[in-house]
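[1] Just to be clear, the model below is a prediction. Sequence and coordinates:
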Amino acid sequence: MQTPLDRYRQTATRTALPLYVQTSEKHTDISDLTSASLDNLWSVHDNPGTHSNGCSLLDLKIEIAKRIMQKCSLCEWRCGADRAAGETGFCGVGSESYYFFEQILCGEEAPVIPSHEVFFSGCNMRCKFCYSWQSLENTSYGKLMNATDFAETVENRKAEGAVNLNLIGGEPTVHLLNILQAIKSFKSPIPIVWNSNLYMSTSTMRLLDGIVDLYLGDFKYGNDTCASQIGGIKHYFETVTRNFISAASSSDIIIRHLMLPGHVECCFRPIAQWISKNMPDVPFNLMPQYTPFYQALNDPELSKSLTPEEIAEAGSITSSLNLNMREWNIPLDMDRPATCIGTGELSTTVIIRPDGRVTFMHLHNDLLQVVESLENGGI
């Protein structure tokens, strides 16, 4: 019997080309992508046939993404900005994409490390506690993404030991077109991890089908009120639950929840109840490592640390609802070294919080022993 991560495990170790390359052998039944209507493009996308024009499914996805960018509806804001012409919507991103950090890292869930993580600037949410807030205020923060250069970087990281390409933000969704164009430039396959808030449109979910091997989905808020007040987002719960179900139907998925101080009952409990009812077998990672950043530092509630009582209560909820807390912690390859080599931009942010606790961001191999020593010392 397959577990919820079996497809990703097979994908990450396979030698055959992944779906996004295999589909290049499938040809559409339209003669010219640029002259076809969007409805026709979607029809062929969802029902690929054969034709001698040699157009791949990836080409088709790229063309559809280009059309969507002209009146953007990649995420659930559906702001309608002409991003192809450089206009920006809620996310603040126009036609270009910037990434401010890329490195092989070992801080994700066990099945996905060592992971080549790429952090994009710009996001469709405004969480008060965002740890990459610089990329919210400046969406040109970092390096301009060029498809050819980016593909070369991915190849280099793969050669250095990365088992996947982990696309993060900000939020990768708002960079979908440039990401698809970069994937077309890849010379060899690598599993794609979509590390996302899943606040995206159904159109985007359709375009990601066949591209994404594993979703790392953040389930942030248990109701629309908290989502609006803390995340600056509307229609949150209905949108992300719809997308979690869609993601699980087409790919592997791990659901995460970062606990927020004072939000166990209003946010975590309804999230846990929904998962238990709708996706009980999906791996779930409860994350108690909340650290206040950005606007949370000035918020009376969000500037606090989680209490031991809150963490214990959350643990009790996960146990009572029998959430799948084990599978996300099982390494993909039991022979894989416990540590991995950091590469790319070898930098780590060390934060000493007001309560004296220490937080490491973008942890790489050189600091793993330091962190382990700190943990053993109770810090």
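    On my side now, so go ahead.

[2] show me what contacts Ile254?
    Leu5, Glu109, Pro111, Leu214, Tyr215, Leu216, Gly217, Val282, Pro283, Phe284, Asn285, Trp328 (Cβ atoms under 8 Å, 6 or more residues apart in numbering). For every residue, glycine as well, the C-beta is placed using N, CA and C.

[3] Shouldn't it be within a helix?
    No: read with DSSP: H, G, I helix; E, B strand; the rest coil, Ile254 is strand and lies in no helix.

[4] partners of it in the sheet?
    Leu216 (DSSP bridges).

[5] returning to that earlier point: which of the contacts of Ile254 fall within strands?
    Leu214, Tyr215, Leu216, Gly217, Phe284, Asn285 (DSSP state E).

[6] For the contacts of Ile254, give me TSV that also has neighbour count.
    Compiled in TSV, those are given as follows (neighbours: other Cβ atoms under 10 Å):
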residue	neighbour count
Leu5	23
Glu109	21
Pro111	24
Leu214	26
Tyr215	27
Leu216	23
Gly217	22
Val282	23
Pro283	23
Phe284	26
Asn285	20
Trp328	22
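
[7] quick revisit: pull the most distant pair out of the ones in strands among the contacts of Ile254.
    Greatest spatial distance in the ones in strands among the contacts of Ile254: Leu214 and Phe284, 14.3 Å, computed using Cβ to Cβ.

[8] Tell me who's in contact with the residue nearest in space to the middle of the chain.
    The centre of the chain sits closest to Asn195, judged by Cα atoms, centre = their mean, with a distance of 1.2 Å. Residues in contact with Asn195 (Cβ under 8 Å, 6+ apart) are Glu117, Asn166, Leu167, Ile168, Gly169, Pro172, Leu216.

[9] Can you add pLDDT and give the residues you listed back as a markdown table?
    Output for these, formatted as a markdown table (pLDDT from 0 to 100):
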| residue | pLDDT |
| --- | --- |
| Glu117 | 97 |
| Asn166 | 98 |
| Leu167 | 98 |
| Ile168 | 97 |
| Gly169 | 92 |
| Pro172 | 98 |
| Leu216 | 98 |
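
[10] wait, which of these is closest to Ile190?
    Using Cβ to Cβ, Asn166 comes nearest to Ile190 of these, at 10.2 Å.

[11] Just give me the neighbour total for that closest one.
    Asn166 has 26 neighbours, counted by other Cβ atoms under 10 Å.

[12] pull the CA atoms of the helix or strand where it lies into CSV?
    Asn166 is located in strand 165-168, with elements delineated by DSSP states H and E. The C-alpha trace of strand 165-168 is given here as CSV (Å, rounded to 0.1, in the frame of the first residue of the first chain):
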residue,chain,number,x,y,z
LEU,A,165,14.7,22.1,-6.4
ASN,A,166,12.7,23.7,-3.5
LEU,A,167,11.0,26.9,-4.7
ILE,A,168,10.1,29.2,-1.8
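
[13] Next SSE downstream of that strand?
    Per DSSP H and E, the first helix or strand lying C-terminal to strand 165-168 is helix 176-184.

[14] want to throw the contacts of Asn195 into JSON lines with distance to Pro292?
    As requested, those are exported to JSON lines (distance: Cβ to Cβ, whole Å):
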{"residue": "Glu117", "distance to Pro292": "22"}
{"residue": "Asn166", "distance to Pro292": "25"}
{"residue": "Leu167", "distance to Pro292": "26"}
{"residue": "Ile168", "distance to Pro292": "20"}
{"residue": "Gly169", "distance to Pro292": "19"}
{"residue": "Pro172", "distance to Pro292": "24"}
{"residue": "Leu216", "distance to Pro292": "22"}
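
[15] Which members of the residues you listed are classed as buried?
    Glu117, Asn166, Leu167, Ile168, Gly169, Pro172, Leu216 (16 or more other Cβ atoms under 10 Å).

[16] got the residue ranges for the helices in this structure?
    In the chain, the helices defined using DSSP state H lie at 6-13, 19-22, 38-46, 57-70, 134-137, 147-159, 176-184, 202-208, 224-231, 236-250, 269-278, 308-320, 365-376.

[17] Which one, of those helices, ends up nearest to Lys128?
    Closest approach to Lys128 among these (Cβ to Cβ): helix 224-231, 5.4 Å.

[18] Only the buried residues of the closest one, if you could.
    Neighbour counts over helix 224-231 (16+ other Cβ under 10 Å) mark Asp224, Cys226, Ala227, Ile230, Gly231 as buried.

[19] Then stretch 241-249?
    Thr241, Asn243, Phe244, Ser246, Ala247, Ala248.

[20] I'd like the mean pLDDT over that stretch, please.
    Mean pLDDT, computed over stretch 241-249, is 97.

[21] Equivalent analysis for stretch 258-275, please.
    On average, stretch 258-275 scores 98.

[22] what does stretch 315-322 give?
    98.

[23] what's the answer for stretch 299-307, then?
    95.

[24] what's the offset of it from the middle of its chain?
    How far stretch 299-307 lies from its chain's middle: 25 Å, per Cα atoms, centre = their mean, to the nearest Å.

[25] for stretch 317-330, same thing?
    Distance, centroid of stretch 317-330 to centroid of chain: 21 Å (Cα atoms, centre = their mean).

[26] cool, stretch 254-269 as well?
    Per Cα atoms, centre = their mean, the centroid offset for stretch 254-269 relative to its chain is 18 Å.
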